[in-house]
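Engineer: What shape does this take:
(4 chains)
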Protein chains: 2
Amino acid sequence: MNRKNLSDEALALIASRFKLLGEGSRLKLIIALESGEQSVNELVAATGLTQANVSRHLAALTAGGILSRRKEGLNVYHAIADPGIFDMCESVCGSLQKSLGARAKVFR
Amino acid sequence: MNRKNLSDEALALIASRFKLLGEGSRLKLIIALESGEQSVNELVAATGLTQANVSRHLAALTAGGILSRRKEGLNVYHAIADPGIFDMCESVCGSLQKSLGARAKVFR
DNA sequence: CAACTATATGAGTAGTTAGTTATATTAGTA
DNA sequence: TACTAATATAACTAACTACTCATATAGTTG
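Structural biologist: Next up, the predicted model:
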């Protein structure tokens, strides 16, 4: 791919995906979902965030194509829609480990 | 890696790296640097951003370990310090292509 | 239908961030 | 030393974002 020819529109799309990942609470939710789909309430319990906050972040992640949404009775279950997300986390952790050196213990 | 055991500190580090990439102007700068190091003025010309703005973004990217900085006479040259960045862009473009389907033409 | 549960959303706030303009700093040059 | 060029920074503004509290909506159960 010739990245120099990316349109402003394409660039904005890429940036918005990175931006979705650039927030601790949303990362927490994504990580909590790594082991499988969960209801909103389960995610509230797993992350310690408030229900309103979780609901908002889930809506953003779903709109961005990172999560899927499935309603069943009273519950709404979210799941990872784009597993490529985890490759990206690996990449980031890898380069952080390199640049942080000794302090990288926290990532193991 | 067991992502569920990531400390809040580690999570914040990961998020902050994603956040640096989650902004169109900074992505422009990174892409402009893919072909090699450039001075601040060259980057101003390449991106169409103002000098002050470029200077700020370069400082942020350098502090975040994404760029390196080398001073030579009046000029300051920046370069990609972490080529892993481009793998991440590939990942994002790939999953965007999948999720956007036809509209993904812009990425080619 | 009334009561209850799970989730979403409106409204407001505090904090952050990208951008601008003007100026300061640093280094080379006449 | 005075002048010029390249980069950084201070001060400000406008827009955005995460968060909270309260309430609305949708679905379930008695």
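Engineer: in the helix or strand bottoming out on mean pLDDT in chain A, what counts as buried?
Structural biologist: Using mean pLDDT, DSSP states H and E, helix A:84-100 stands out as the lowest-scoring helix or strand of chain A, at a mean of 83. Judged by neighbour count (16 or more other Cβ atoms under 10 Å in any protein chain shown), helix A:84-100 contains these buried residues: A:84-96, A:99. (C-beta placed from N, C-alpha, C; glycine too.)
Engineer: Within reach of chain B, which of the residues you listed are there?
Structural biologist: The residues of the buried residues of helix A:84-100 that also fall near chain B, by Cβ under 8 Å from any Cβ of the partner chain, are A:84-96, A:99.
Engineer: before we move on, the earlier item: could you list which of the buried residues of helix A:84-100 also contact DNA strand D?
Structural biologist: With Cβ under 7 Å from any atom of the strand as the criterion, no member of those is in contact with DNA strand D.
Engineer: Just the closest of those residues to DNA strand D, please.
Structural biologist: Closest approach to DNA strand D among these (Cβ to the nearest atom of the strand): A:Ile85, at 16.0 Å.
Engineer: can you tell me how far that closest one sits from B:Asp82?
Structural biologist: Using Cβ to Cβ, to the nearest Å, A:Ile85 is found at 19 Å from B:Asp82.
Engineer: what ranges do the helices span in chain A?
Structural biologist: A:8-21, A:24-32, A:40-47, A:51-63, A:84-100 (DSSP state H).
Engineer: any idea which of these is most buried?
Structural biologist: helix A:24-32 (a mean of 21; mean count of other Cβ atoms under 10 Å in any protein chain shown).
Engineer: contacts for that one?
Structural biologist: Residues from elsewhere that reach helix A:24-32 (Cβ atoms under 8 Å, 6 or more residues apart in numbering or on different chains): A:20-21, A:38, A:43, A:46-47, A:49, A:53-54, A:57-58, A:60-61, A:66-67, A:78, A:80, A:85, A:89, B:3-4, B:6, B:8, B:11-12, B:14-15.
Engineer: That helix near DNA strand D at all?
Structural biologist: Yes: using Cβ under 7 Å from any atom of the strand, helix A:24-32 reaches DNA strand D at A:Gly24, A:Ser25, A:Arg26.
Engineer: what's the spacing between the second one and B:Leu27?
Structural biologist: Right, A:Ser25. For A:Ser25, the distance to B:Leu27 (Cβ to Cβ) stands at 23 Å.
Engineer: what does chain A put close to DNA strand D?
Structural biologist: So far as Cβ under 7 Å from any atom of the strand goes, chain A lies against DNA strand D at A:19, A:23-26, A:49-50, A:52-53, A:56-57, A:60, A:71, A:73-74.
Engineer: still on that earlier bit, which of the ones next to chain B among the buried residues of helix A:84-100 are the two that sit furthest away from each other?
Structural biologist: A:Gly84 and A:Ser99 (22.8 Å; Cβ to Cβ).
Engineer: so where's chain A uncertain?
Structural biologist: Scanning chain A for pLDDT under 70 picks out the ranges A:1, A:4, A:100-108.
Engineer: Tell me the residues on it that lie near DNA strand C, please.
Structural biologist: A:39-41, A:44, A:51-52, A:55-56, A:58-59, A:69, A:74-77.
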